[in-house]
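Trainee: this one's sequence-less:
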C-alpha cells in the first residue's frame, strides 16, 4: 500500500473514532490538578501547580525507528503529548492530539523522572495504531516495581481496566519511595513489549539537596535516602537493557501470525539503540515512514569528569533472555537492587563491588562508578554485554549492547 | 448499583476475632504434598496437558508403586526438621520401541544422603539408581529447615526434562508457620512456585522412539522450550483447583491468596534448566533464604542479610524463600471508599496500638476517607479484565456489562505473578499462558480456603 493511500485510510479510521468519542463519551480527557487548558502543564497564566504534583500526557500507539544497521523497524510505543492543549478556551483552538500522537511512538518510551513525595497524574491516550487499523488494541501503563500498588492503576488488563482507542485514562500514584523502576504497557504483554512499549522510570530521593560528606567529597544528590552519603553521585544515567526480534516486528507490520514460540531477539540494545548509535549524544534522524517524527531521542552515552561518581540506573525490559552487563576498566559498586537501598533490615551494608551485573527482564539495579581522579580527558571506558553474542546488530558484528563512558 | 458484600462483616468485632483464630489454625497447611518420614515413590509414565490442547509424554515420580500416578512435578515431600527421611524409589518406567527402560534415581541437593544397605540399587554416576522394575532407598536426616528440590540424577538432561523432579519442604522445629528457626521468618500463608519449561520435541521423540531416539537429535544441546509451567501447570490451569480431575497427572495448582497485612511465604524453585525472572506485582518481597539457608550473618541473627526485590531471580536447581506483604500503605486514597461517595462506604479505621494500621483490617489509617483521586472513563471506553470487579475499591463488586468480569466474585485486589521473560507467558503461540498466575488479596472479611 502506498503511503498516501495508507494515510488516507488512517485518517478515515481515526476520524471515525474521534466523532464517536466526542458525540457520546468523554474521549480525550487530561486530568491534572491546577491545569486549566488540559496540556498537563501549568505554563498558562493563572494556572497554579499544586505542591508536590506532577503531570504527564502520554499517547500509546505505533511508529518507526531505525536500527543501528539501518533497518527500519515498526514499533508500538508511547509518545509524549504533554504540552498539547486539550481543553482550549475557544473550541477549535486546541491541538489535535490524535494527529500528533499518530505514528509518534518513540523508543524507548519517554522517560519518567519523579521525586519522592510527588503525586503523579499520568494521562494515557490511546491514539490507535495507524499501520494496523485492523487492531483495536487497548493499552495501559504498568509502573513496574512501584510498591503497594493498587490494581486499578497497575495496568494489568486482566486484573482491571485498559483504555480503548480515542479515549484517555488517568493513572494516579503517590510516590513514596525513591529508586530505579521502569514502565511498560501490560496489554498482551508478550506482544506489546516485544514491539517496544518500554521506558525508563526513576524516582529521586527526598535526601537530594542536603549535603553529606562521603569518601572525602561532599554530595548533594543521592540514589537513596542513605543517611550517610554512601550513594552520593555527581551525574546519573538511566540505562535500559532491551532487545528486538526483527522477524516479530516484520510479522506485525505485515499482518502475519506472530511468532511467539519462535521469538529470538537479534537486535540487543541499550536505551533503544545498538552500538555505535548508543554513543551518539543526539536524537537519531527521523525515519521517513512515520512522517518525519523524531522517534529515538534517548542516547546511551555516559560522560563524566575525572574523579566524578557516576550513578547507573540499570533496568532490563528485554522479553526473551537474561543479560549480563560488564564494565571494562572501572568497577561498579552495586548500591541498590529493584529500587531498594542494598541494606539488610537492621541496616547492615550489603553493597558489593563487581565488574558485571546480571539482570533478567523486570529487574533493576543501581551501580556507582568512580571515575579515577587521574583519568585523562578523552579516556573511554566501556559498558557492554558480556554475553558476547549480544554485541551485534543482527548480522552486523561489533555492535549491539555496548556503550562508552567518556571522560570529558 | 453497588453490592457491599464484604466490609460489613468485619465491622462486627466478634466475627472478626473468630476469623483471626481460624486463620491461626489454618496457617502453615497451605502447600499440597505428602508428609511423613517414609516415602514410596515410583517413576512412571503419564501425560502432561497444556491449555493449548497439547498432551506430552511424562516421566514423573508417583506417590506409591501401586496405584499412584506419575506427577508433574513429583509429590512435594513435607518433612519435619530432625526427621530421618527414607525415600524408596521403584523404577516402573516403560518406553516405546520395545527397548529396556533406563535406570532412574533421585538426588537431593542440600541433604547428606546415604543409600539404605538393605536396598542399595545399582551404582550410577551421581548416585545409586533403580534398575528397571527394581528399587533403591535413599536416606537423609533433615538437619536444616527450608525449601529444597529433588530430581533425577540419571541422564538428568533428559530425565528432568521428561518430568522427574519435585520439591521438598523441611519445617523448622520452631513451628509449621515459620520458614526457619527465627521469629522474622513467620508467615500466615505459603505457596510453592516450582518453575519449569518444556521442549515438546524431546517428549515426542521419546514417545515415538524411546529415549534412544533422542540420541540422534540435537534437541538436548539446542534446547528450545515453548511451554512454561508453575507447579507443573501452564496458565490458566495454574489457577484451577488442585487435584482437578481433568489434569490427572498435574495435581498441584498455584493460586496465592491472602488478606491485607498478612505475610505470604513464597517458596520459589528453579525446576528446569533456564533462569526465570519471577515478577510479583503488588509490592516488594523480602528474600530471606537461598537453597535452604537463611540469609543471616551469624547463627540466630535472623535474616539480617535479607534484601527486598520486585522480581525474584530464579536459578536452575536453586531455591529462594521470600516473604511478601501488602497493605496498600501510602496509596493516598481510601481503598474502601469514602463516605462522600455514598453511605454504603462508611467504615472505621481503628488504630489502638499506634502502628498507623487498623488493628483488625490493616487499613492504613492516615489515608482513611481520602477520596479516589481521578475520574475513571465511562465503561464504554474501557476494555474490562476478567478479574475486574467493576470498582477500584477492595471488597466491592459493582455492576458490569453482561459477559464482563466474573472471575473475582469477592472484589479482591488481583495482581499478576509471572515470568518477566514475557516470552514465557505463552503456550506455544497462544498468549496469555505459560509461567503465570494471579495473586488475589481478598478483603478482610472474606474466607480463604
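Mentor: All right, it came through fine. Small disclaimer: the values here were computed from a predicted structure and weren't measured.
Trainee: contacts and neighbour counts: CA atoms only from here.
Mentor: OK.
Trainee: OK, contacts around the closest residue to chain A within the stretch 1-150 of chain B?
Mentor: Nearest residue of the stretch 1-150 of chain B to chain A: residue B:52, at 12.5 Å (C-alpha to the nearest C-alpha). By C-alpha atoms under 8 Å, 6 or more residues apart in numbering or on different chains, residue B:52 lies in contact with B:427-428, B:430.
Trainee: just residue A:151 next, same as before
Mentor: Residues near residue A:151 by C-alpha under 8 Å, 6+ apart: A:159-160, B:282, B:392, B:413-415.
Trainee: Got the phi and psi for it?
Mentor: Residue A:151 adopts backbone torsions of phi -60, psi -40, taken as degrees, to the nearest 10.
Trainee: cool, and residue B:324?
Mentor: Here is the backbone geometry of residue B:324 (degrees, to the nearest 10): phi -110, psi 140.
Trainee: got a list of what it touches?
Mentor: Contact partners of residue B:324, counting by C-alpha under 8 Å, 6+ apart, are B:263-266, B:283-286.
Trainee: show me which of those neighbour chain A.
Mentor: Counting by C-alpha under 8 Å from any C-alpha of the partner chain, B:283-284 from these sit close to chain A.
Trainee: Just the helices from chain A, written as ranges.
Mentor: Counting by DSSP state H, chain A has helices at residues A:3-24, A:97-101, A:189-194, A:246-253.
Trainee: rank those helices by mean pLDDT and give me the bottom one.
Mentor: Lowest mean pLDDT within these: helix A:3-24, at a mean of 41.
Trainee: From what I see, residue A:30 and residue A:40 are in contact.
Mentor: Yes: between residue A:30 and residue A:40 there is a contact under C-alpha atoms under 8 Å: 6.7 Å.
Trainee: Quick check: neighbours shared by the two?
Mentor: Residues touching both residue A:30 and residue A:40 (C-alpha under 8 Å, 6+ apart) are residue A:57.
Trainee: which secondary element of the chain has the worst mean pLDDT?
Mentor: Let's take chain A. Between all helices and strands in chain A, the lowest mean by mean pLDDT, DSSP states H and E belongs to helix A:3-24, at a mean of 41.
Trainee: oops, I was thinking of chain B
Mentor: One helix or strand of chain B scores below all others by mean pLDDT, DSSP H and E: helix B:13-26, with a mean of 39.
Trainee: Go through stretch A:251-261 and flag the buried ones.
Mentor: A:252, A:258-261 (16 or more other C-alpha atoms under 10 Å in any protein chain shown).
Trainee: quick check, nearest of the residues you listed to residue B:234?
Mentor: Nearest to residue B:234 among the buried residues of stretch A:251-261 is residue A:261, at 14.3 Å by C-alpha to C-alpha.
Trainee: nearest residue to whichever residue of the stretch 51-200 of chain A sits closest to chain B other than its sequence neighbours?
Mentor: Residue nearest to chain B within the stretch 51-200 of chain A: residue A:158 (3.9 Å; C-alpha to the nearest C-alpha). Nearest non-adjacent residue to residue A:158, counting by C-alpha to C-alpha, 6 or more residues apart in numbering or on different chains: residue B:385, 3.9 Å away.
Trainee: What residues does that neighbour make contact with?
Mentor: Per C-alpha under 8 Å, 6+ apart, neighbours of residue B:385: A:157-161, B:404-405.
Trainee: Show me the contact partners of stretch A:365-373.
Mentor: A:180, A:223, A:231, A:233, A:304-315, A:330-339, A:407.
Trainee: pretty sure residue A:277 contacts residue A:68?
Mentor: Yes: assessed by C-alpha under 8 Å, residue A:277 is found in contact with residue A:68 at 5.9 Å.
Trainee: Neighbour count for the two, which is higher?
Mentor: In terms of neighbours (other C-alpha atoms under 10 Å in any protein chain shown), residue A:277 is the more surrounded of residue A:277 and residue A:68; the figures are 25 against 22.
Trainee: how close does the more buried one get to residue A:296?
Mentor: Noted for residue A:277: a distance of 10 Å to residue A:296, by C-alpha to C-alpha, to the nearest Å.
Trainee: Near the residue in the stretch 151-300 of chain B that chain A sits nearest to, how many other residues are there?
Mentor: Nearest residue of the stretch 151-300 of chain B to chain A, counting by C-alpha to the nearest C-alpha: residue B:283, 4.4 Å away. Neighbourhood size, residue B:283 [other C-alpha under 10 Å]: 24.
Trainee: Can I take it that it is in a helix?
Mentor: No: looking at residue B:283 with DSSP: H, G, I helix; E, B strand; the rest coil, it is coil, so not inside a helix.
Trainee: Let me see the contact set for it.
Mentor: A:145-149, B:310, B:324-326.
Trainee: related to what we said a few turns ago, anything in contact with each of residue A:277 and residue A:296?
Mentor: residue A:284.
Trainee: burial measure for the residue lying closest to residue B:274 once chain neighbours are set aside, as a count.
Mentor: Closest residue to residue B:274 apart from its sequence neighbours, by C-alpha to C-alpha, 6+ apart: residue B:316 at 5.8 Å. Residues near residue B:316, counting by other C-alpha under 10 Å, number 15.
Trainee: low pLDDT regions in the chain?
Mentor: Defaulting to chain A. Within chain A, the ranges that satisfy pLDDT under 70 run A:1-25.
Trainee: actually it's chain B I care about, not the one you picked
Mentor: Ranges of chain B meeting pLDDT under 70: B:1-29.
Trainee: Please tell me how far the residue nearest to residue B:274 sits from residue B:76.
Mentor: Distance, residue B:316 to residue B:76, using C-alpha to C-alpha: 18 Å.
Trainee: Just give me the longest strand of the chain.
Mentor: With no chain named, the answer covers chain A. Identified as the longest strand of chain A according to DSSP state E is strand A:53-66.
Trainee: meant chain B, my bad for not saying
Mentor: Chain B, longest strand under DSSP E: strand B:38-49.
Trainee: Residues contacting it, please?
Mentor: With C-alpha under 8 Å, 6+ apart as the test, strand B:38-49 has contacts from B:54-65, B:69-72, B:85-94, B:104, B:164, B:247, B:249-250.
Trainee: Keep only those of the residues you listed that are in strands.
Mentor: Here DSSP E is the test, and the contacts of strand B:38-49 give B:55-63, B:70-71, B:85-91 as lying in strands.
Trainee: Now which of those would you call buried?
Mentor: B:56-63, B:70-71, B:85-91.
Trainee: Next to chain B, which bits of the stretch 251-400 of chain A? Give me the list.
Mentor: Selection of the stretch 251-400 of chain A residues close to chain B by C-alpha under 8 Å from any C-alpha yields A:258-263, A:318-322, A:337-340, A:342-346, A:348, A:350, A:360-363.
Trainee: distance of the residue of chain B positioned farthest from its centre from chain A?
Mentor: Residue farthest from the centre of chain B, counting by C-alpha atoms, centre = their mean, is residue B:340 at 40.5 Å. Look at residue B:340 and chain A: by C-alpha to the nearest C-alpha, to the nearest Å, they are 19 Å apart.
Trainee: got a list of what that residue touches?
Mentor: By C-alpha under 8 Å, 6+ apart, residue B:340 lies in contact with residue B:371.
Trainee: let's see 7 Å
Mentor: Neighbour list for residue B:340: empty [criterion: C-alpha atoms under 7 Å, 6 or more residues apart in numbering or on different chains].
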